[in-house]
Structure formats: structure tokens, C-alpha cells
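>>> give me the fold of what follows.
(chains A and B)
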Amino acid sequence: MISVKKVNNRPLNFLERIYLPEIARGLAVTMRHFFKNLFSPKNILTIRYPEQASPLPGNANLRTLHRLKIREDGSPKCVACFMCQTACPAYCIRIEAAEYPDNTVEKYPAVFDIDLSRCVMCGMCVEACPEDAIAMDTRELPGGALTRAEMLLTRDDLLRNLPGEPSTLGAANRLANEYLEGKK
Amino acid sequence: MPKITIDARTIDVPKGTSVLEAAQLLGVYIPRYCYHPRLSVSGNCRMCLVEVEKAPKLLTACSTEAAEGMVVRTDSEKVKAARRDVLEFLLINHPLDCPICDQAGECGLQDYYMDYSRAKSRFPAEDKVLRQKRRALGPHLVLDNERCILCTRCVRFCSEVTKTSELEVMERGDHSFIDLKEGKALDNGYTLNIADLCPVGAWTSRDFRFKQRVWFLKKAPAVCLGCATGCLMEAHYNDNTIYRLVPRPNAETNTWLCDRGRMTYKAAAAGDRLSKGVIKNGLIDLEPALREAATRIDEAKDAAAVLGSPWLSVEDNAALALLAGGMKTENYCFDFKFETGIADGILVNKDPSPNAAGAARVKAASGGLNFEEFLARLSGGKIKLVLTEARAAGLLKDALKASGARLIVFANNRGEIPAGAYATLPYASYFETPGTFINYQGLERRTEPVVQAPEGVKPLWQVVNKLSAYSGASLRLDSAEDALKGLDKK
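Predicted coordinates:
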């Protein structure tokens, strides 16, 4: 059963019904904004995204562009366990695992692609990661792109550390620490 | 017949049945690591502890024989606590490897932890005793001693099933670990069963390693076509790619699967897979290749010959028999005699072809020459052109060379094409198309399609159908079953 709501609009008065004065009034509003923006452009609210970006609020916890963390020796912290790919509701992650010939970590991602044109920025991959290797804390918003290929982040695009990293704290870093110790 | 009561349900079991097996008959699942129905009872994992009335302590269900009037509880608080404690014990030093462990998703420790424990560890991760990590043992396996729970299934498999005894538990007590015996190599032809047997990630397959997470895999029944034993197996696939083959245990033929059988999936996805026709050595499209083959067949008239193949299904052999009928030649043969029987006492058959019995069924319906007569006619120069399957052409190798007859073969892969073949036509492998095979015991084995054939590749009966359309007497087959029906009418 579709519910129908009846709206009683106010009937138009005479001036509104002859139409022309209302057009003039509308044009006046438009022209007022046009000249205001023409002579004092700093009050314009819109920005030219994606060439321009508005700064994000300082203390906001946002899910922004993904990154993969890097260990001290430059290898990816990711061990290609496929948890993020499994958790991803948008099927935007594609991993191909490979094997190190010698060290305790054994496994690493030879391919790690995130298709931003599919990603819904839900952050499930970050939640799922048992190694704390993927993060969405770059404070960059994925912008518009002209081709699909530009929306594909590869392993090399994703691998980067933020200032103060790599961190070696926490249980998730156990394997990595062991591995780095073995390299010394 | 002892009468035993398990969780307030009573059952009569044959004498000698263990409590665990009796519970299984009642549909009560008792968790286990070391117990395996086809291996001897070892009773070392302690996971199957159950409470038996009047017994002072909990007993292991796998090694306790069901006795008259026994009353067993598998769901009491005492049993639940015992399971939790056994799991805690096994997990004290178990590494936190799940993210990099291939077993994750089908791991006994993960599954039972979720089912029976879910307790937080009381031992800090830094205190874990470390052991030797992965190393390759043999051509098919990787061993990680740190993950091992010492259930000794692998040791018992090697000493009881293959009787090669390569593996042994070294040292004693908490120093124990599994290792190869001195001077042995782990390559007995059945080693990949150890990776299946291992309830944890200690033994993993080198071939499957890191290829795919097990929870992505879909399962489909399949049949091994490596030899006449016709083992039932399960193909694990995802995204139109088969990743591994595991046995589908059954009473008639197999509990295990040999290493060679497990690798048969590789040919279907190999890089040299044919999707076009080949004339001499040049690739050409299928249609011109078919026309060329049909022209040559018509040219040879009654000197053309069709040889069935024990590597093809009954349906495809039937289609070939119908084609021979349409060609109006007397030179056709569906007679293959191989010595059958299990060669190594486990699974591998003396007969290397999966369907010699199926070809014999086609022979019974369509008649045709004996293989010796066929060879004699070929050597005698009465046959100018042979149409057959690539591996069956191998049986004619010397006679073909001597007589110089033209050879037109059906093949899956480029590597299969015999030297000197005039034309080759591609067909879909039996991972991509259904087919019936009859193993050495006379049991019918049906393969079902698991993945899709490469583009343009058709089942053999369809290729034969097209060939018949080009060479005059059209067969008009609509399905593989049509070929069987057409044969029955004959």
C-alpha cells in the first residue's frame, strides 16, 4: 500500500501569476551573487576539486587514502595473509602472494592492488589486518581521475611510511622484529 | 555385540569398535588430532578424552574399545574442561603464524579453538619456545617444526601406508620433533597425502603454497585420469583455475591420492594448451583445420582409419565410432589390452590409461578390428590415414613411422602432439567437459566440468560432429549422450 501525502500549497497571488516580476526578482538574486563573487572572490565557497582541496579538520579521525607500512629494511610489513581482501565488501583489493627464500616472515605481497574506483572507504581492511600493515591515515582524499587506470593503486603507490615510522612496538610487530634481528 | 550408551543414546556396535567410532555411528562428533580411520591408533593428542562411568579418569575415545554396558559422556563439564586444557597445552608454543600459514582456514587448531576453547592465552607471546621454521623436505612438501603438535599421523602414514618409513619422531619429551631418518629422502610417490593428513600447518604442499587462501576455494567432484585405478578426487578451484586436487575417500578405490595424480590438473591450465588447429607445425584457425582434415580423410577413402583411445571418455569414443561408420571404412579399432592391477600395492595401476574398459564397451557395440589386426593393416600399407587421440597415437609410433601413413590427432596440449602428426585438432579436457570412464574394476566414473575450456575449444564429440559435417556424412550430434544412443542403434 503506497501512502500518499497531500500537500496544500499556498495558491499563487496575482503578481506571481503574471510571472514576469518573479523572473526579474530571480535574475536580481543571480546577478547580486555574480557581482559579489566577481569583485570579492575570496568569499566564494566552492573550490576547484580535485586540483584544489580544502584542508581537513585538524582533529578529525578520518578514513583517508590507504597506505602500506614499510619495515626498517624497506620490505613491506604486509605478509599477504589475504584478510583485507577477504573482508573487503567492494572486492577492490587484489593480492598475489610470494615467498622470501630466507627469513622468518616467509610471505610477502608480490602484487597488492587497490582499485579506488571500487573502494567504498569503509576501513574494513584496516580492521581486518592482523599485522597492522595497512592504514588509512594519510589524510589525503582520493580525488577524481580521467581514466580507470589512474584509480588503480599498485603496491609501489601504496608503500610509504609517515614521519616517526617504522614503529617496532606491539605484538603485531613480533615477526617483523624477529626477522630484522635475524638480518643483523 | 557390545551395547554402548553415548550421551544417553544406546547403540549396538561390532566387537573391537572404539568409543570414537561408536560415537561417529551415533552422529556424535568427538574432536581428534592423532586419530585417522585408515591409520593405526596412537592415542597421543589427548583431544578425544571422554568421561566413562566407573572409570577413575577420563579416557581417550580413540583407543578405548567399546564394552558391554559402557556409559560414555562427551558433553559433561569435565570433558569440556579437558578439551580446553588440551588445546591450551597444544597452543602454548604454537607460533602466531596464521597470517602466513597455508593451513589457516582448514586448520585443526583454529577450528577446535573456536569450537571448544575460546580461552585467552595465559602465556605471553614472547615466551614461546622457538623451533626450526620451514624447510623443504622432498619434492612436494615443506615442514615447519614450530607448528607441529606431534600427532605422528605423518610418521604412521609413512610406516603403514607407503611402508617406506622415512619419518620419525626424534629426541624425547618436550624436545621431540619430526624429522627425516638418516639417509632417507621423502619421495615415495604419495607424499602429498601427508599435507592433507597433517591437522595443523606443519606439513604444507610446495605446489599449492601461497597460491590461494583455502576459504576462497570452491569444491567440485572430479575423477583422476592418471591411470586405470580411477581414483575419486575433489578439485579445488577459484576464478576458473584449479588450484589443487585432493582425494575423495571411498570404499571402492581410494582413501589417498598419488602425487602424480594430484598434478594432473596442471595440463588443463598449461601455457601450451591448444586453442586452434595445427597443420604440420603451423597454428591455423579451427574451421580451416577441420576442413583440411576432412579433405584428407575423404581423399584416403576406405584407406582411412579411426583408432579410439583409452584416454577418451566412453561418449567421445562412441562419437569416433560413429564417425568411422560415416566414413564407410572398415579400419577402426577400439580394442586396447593392458595388464591391469595395482602395481605398487597402494593405488598406481599397471594400466596407464583410464578408460580401456570403456573403449571395450564401445567395441562391443560397434565391432571393429583387434589392435593387432589394426597394426598389421597399418604396417601392411592398407591404411593411409589414421585419425586418433594424441596419446593413443603413441601406441602406433613405430608402425606409423614404417608405413608413412598420415596422422591426424586430437590433443589438449601442444606438448602431447606426436612427432610427424599431419594435423592436430584441439578438444576440451575432462576438467572442462563431462565424460564417463570405466576403471579397472568396471566401476563407472563420471567427470563433471570444473572449469571452462579456453575460448573456442570444444568437447571432442563436438569436434567429431563438425568433422563429420565437412567430410560428407553428417552425424548431427546434439550432446555427448547422442553419441552413446547412436551407438546403441547400430
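
>>> SS state for the closest residue to chain A within the stretch 101-250 of chain B?
Here the stretch 101-250 of chain B gets closest to chain A at one residue, B:Phe210, 4.1 Å apart by Cβ to the nearest Cβ. Placement of C-beta: from N, CA and C, glycine included. Following DSSP: H, G, I helix; E, B strand; the rest coil, the label given to B:Phe210 is coil.

>>> what about the residue nearest to it when sequence neighbours are not counted, which SS state?
Leaving aside its sequence neighbours, B:Phe210 sits nearest to A:Ala97 (Cβ to Cβ, 6 or more residues apart in numbering or on different chains; 4.1 Å). Here A:Ala97 takes the strand state, with states given by three-state DSSP.

>>> burial count for the residue of the stretch 101-250 of chain B closest to chain A?
Neighbourhood size, B:Phe210 [other Cβ atoms under 10 Å in any protein chain shown]: 19.

>>> straight-line length of stretch B:445-458, end to end?
21 Å (Cα to Cα, to the nearest Å).

>>> residue contacts, the residue of the stretch 101-250 of chain B closest to chain A?
A:80, A:97-99, A:107, B:102 (Cβ atoms under 8 Å, 6 or more residues apart in numbering or on different chains).

>>> and it, how far from A:Arg94?
Per Cβ to Cβ, to the nearest Å, B:Phe210 is found 15 Å from A:Arg94.

>>> same question, A:Asn9
Per Cβ to Cβ, A:Asn9 is found 54 Å from A:Arg94.

>>> and those two? Which one has more around it.
A:Arg94 (15 against 5).

>>> over to the closest residue to B:Arg209 other than its chain neighbours. Which of the three states is it?
Nearest residue to B:Arg209 in three dimensions, chain neighbours excluded: B:Asp102, at 5.9 Å (Cβ to Cβ, 6+ apart). Put simply, B:Asp102 is coil when judged by three-state DSSP.

>>> quick one: residues contacting B:Asp102.
With Cβ under 8 Å, 6+ apart, B:Asp102 has these contacts: B:201, B:204-205, B:208-210, B:214.

>>> also B:Ala300?
Going by Cβ under 8 Å, 6+ apart, the list of residues near B:Ala300 reads B:384-385, B:406.

>>> what's the answer for B:Ile4, then?
Applying Cβ under 8 Å, 6+ apart to B:Ile4 gives the contacts B:10-11, B:13, B:19, B:22, B:66-72.

>>> ok so it is a helix residue?
No: counting by three-state DSSP, B:Ile4 is not found in a helix; it is strand.

>>> would you mind measuring from the residue of the stretch 1-150 of chain B found nearest chain A to A:Arg63?
Nearest to chain A in the stretch 1-150 of chain B, going by Cβ to the nearest Cβ, is B:Pro99, at a distance of 3.3 Å. For B:Pro99, the distance to A:Arg63 equals 22 Å [Cβ to Cβ].

>>> which one of these two is surrounded by more residues?
Under the criterion of other Cβ under 10 Å, the comparison of B:Pro99 against A:Arg63 puts B:Pro99 first, with 20 against 14.

>>> picking that back up, ok so the residue of the stretch 1-150 of chain B closest to chain A is a helix residue?
Yes: under the criterion used here (three-state DSSP), B:Pro99 sits inside a helix.

>>> domain map for chain A?
For chain A, automatic domain parsing gives the domain ranges A:12-46, A:67-183.

>>> quick one: residues contacting A:Glu96.
Residues in contact with A:Glu96 (Cβ under 8 Å, 6+ apart) are A:80, A:109-111.

>>> list, out of those residues, those positioned next to chain B.
Of the residues in these, proximity to chain B by Cβ under 8 Å from any Cβ of the partner chain holds for A:Ala80.

>>> contact residues of the stretch 101-250 of chain B facing chain A?
Taking Cβ under 8 Å from any Cβ as the contact definition, the stretch 101-250 of chain B meets chain A at B:104, B:125-126, B:133-134, B:209-211, B:213, B:215-216.

>>> for the nearest residue to B:Leu109 once chain neighbours are set aside, what are its contacts?
Spatial nearest neighbour of B:Leu109, excluding adjacent residues (Cβ to Cβ, 6+ apart): B:Val200 at 5.4 Å. Counting by Cβ under 8 Å, 6+ apart, B:Val200 makes contact with B:94, B:103, B:107-109, B:147-149.

>>> which SS state does B:Val200 fall under?
Put simply, B:Val200 is coil when judged by three-state DSSP.

>>> out of the contacts of B:Ala300, which is nearest to chain A?
Taking the contacts of B:Ala300 together and measuring to chain A by Cβ to the nearest Cβ, the closest member is B:Arg406, at 45.4 Å.

>>> look up phi and psi at that closest one.
phi -70, psi 140 (degrees, to the nearest 10).

>>> can you get me a residue count around it?
Neighbours of B:Arg406 under the rule other Cβ under 10 Å: 22.

>>> these two touch, right, it and B:Ala293?
No: in this structure B:Arg406 lies outside contact range of B:Ala293 using Cβ atoms under 8 Å: 9.7 Å.

>>> hang on, the earlier thing: out of the contacts of B:Ile4, which are inside strands?
Within the contacts of B:Ile4, residues falling in strands by DSSP state E are B:10-11, B:70-72.

>>> hmm, which of the contacts of B:Asp102 are the buried ones?
Buried residues within these, counting neighbours by 16 or more other Cβ atoms under 10 Å in any protein chain shown: B:201, B:204-205, B:208-210, B:214.

>>> longest strand of chain A?
Longest strand in chain A, counting by DSSP E: strand A:107-115.

>>> other SSEs contacting it?
Packed against strand A:107-115 by the contact rule (3 or more Cβ pairs under 8 Å, 6 or more residues apart in numbering or on different chains; DSSP states H and E) you find strand A:93-99, strand A:152-153, helix A:155-158.

>>> need those in JSON lines (columns: mean pLDDT).
Converted to JSON lines, the helices and strands packed on strand A:107-115 look like this (pLDDT from 0 to 100):
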{"stretch": "strand A:93-99", "mean pLDDT": "95"}
{"stretch": "strand A:152-153", "mean pLDDT": "94"}
{"stretch": "helix A:155-158", "mean pLDDT": "94"}
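
>>> now these in a markdown table, with distance to B:Ser379?
Formatted as a markdown table, those follow (distance: least, Cβ to Cβ, whole Å):
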| stretch | distance to B:Ser379 |
| --- | --- |
| strand A:93-99 | 53 |
| strand A:152-153 | 62 |
| helix A:155-158 | 61 |
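
>>> among those, which is nearest B:Met327?
For the helices and strands packed on strand A:107-115, the distance to B:Met327 is smallest for strand A:93-99, at 49.5 Å, taking Cβ to Cβ.

>>> buried residues in the closest one?
Within strand A:93-99, the residues that qualify as buried are A:93, A:95, A:97, A:99, counting by 16+ other Cβ under 10 Å.

>>> which single one of the residues you listed is nearest to chain B?
Of all the buried residues of strand A:93-99, chain B sits closest to A:Ala97, with 4.1 Å by Cβ to the nearest Cβ.

>>> any figure for the gap between the closest one and B:Arg209?
9 Å.

>>> re earlier: quick check: the farthest pair among the ones in strands among the contacts of B:Ile4?
Farthest pair in these, by Cβ to Cβ: B:Ile11 and B:Val71, 12.2 Å.

>>> what's near enough to touch B:Asp174?
If a contact means Cβ under 8 Å, 6+ apart, then B:Asp174 has no contacts.

>>> surely it forms part of a strand?
No: with three-state DSSP as the criterion, B:Asp174 is assigned helix and is not in a strand.

>>> so what pLDDT did it get?
What the model reports for B:Asp174 is a pLDDT of 87.
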